[in-house]
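Visitor: Dropping the sequence and predicted coords here.
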Amino acid sequence: MASSVVRATVRAVSKRRIQATRAALTLTPSAVQKIKELLKDKSDHVGVKVGVRTRGCNGLSYTLEYAKSKGESDEEVVQDGVRVFIEKKAQLTLLGTEMDYVEDKLSSEFVFNNPNIKGTCGCGESFNI
């Protein structure tokens, strides 16, 4: 059974051109570093899995879990030695998305900068496309 990694926030990206990439998801250096830190003590896990669930006040919310292996229909993104698996249901919602890790005085979280999002809820935990 997989356990949750950390909290994630969604941000709609407007007036920003996202360049086409070969990967469905790109990671910032801080996201790569944090995933490496999280997996350092978990030798039986090979990466993290990003999924999407129906919940929240705006429709959808991303989930993050440790992954022991690649699922049959998962898409794999490998960047700087980090493996991120994307569940089938989340693949279209993540196209062109940048995954970042942000720390401030009150919180630390993964942030998905997604150009496909049409709206988010006030707290930033759910979105719609």
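Guide: Arrived safely, thanks for sending. The shown structure was predicted, so the numbers you read here are calculated from the model rather than taken from an experiment.

Visitor: Name the nearest residue to residue 87, sequence neighbours excluded.
Guide: Nearest non-adjacent residue to residue 87, counting by CB to CB, 6 or more residues apart in numbering: residue 51, 4.0 Å away. C-betas here are computed from N, CA, C, even on glycine.

Visitor: Looking at strand pairing, list the partners for the one you found.
Guide: Bridge pairing for residue 51 (DSSP bridges) gives the partners residue 63.

Visitor: My read is that it contacts residue 88, right?
Guide: No. Counting by CB atoms under 8 Å, residue 88 is not a contact partner of residue 51; they are 9.1 Å apart.

Visitor: Residue 111: what secondary structure?
Guide: Per DSSP: H, G, I helix; E, B strand; the rest coil, the secondary structure class of residue 111 is strand.

Visitor: what's the neighbour count on it?
Guide: 19 (other CB atoms under 10 Å).

Visitor: My guess is it contacts residue 102. True?
Guide: Yes. Using CB under 8 Å, residue 111 is in contact with residue 102, at 5.2 Å.

Visitor: Next up, the contacts around the residue nearest to residue 87.
Guide: 62-65, 86-87, 89-90 (CB atoms under 8 Å, 6 or more residues apart in numbering).

Visitor: which among those residues end up buried?
Guide: Neighbour counting by 16 or more other CB atoms under 10 Å classes 62-65, 86-87, 90 among those as buried.

Visitor: Between the residues you listed, which sits nearest residue 36?
Guide: residue 64 (14.6 Å; CB to CB).
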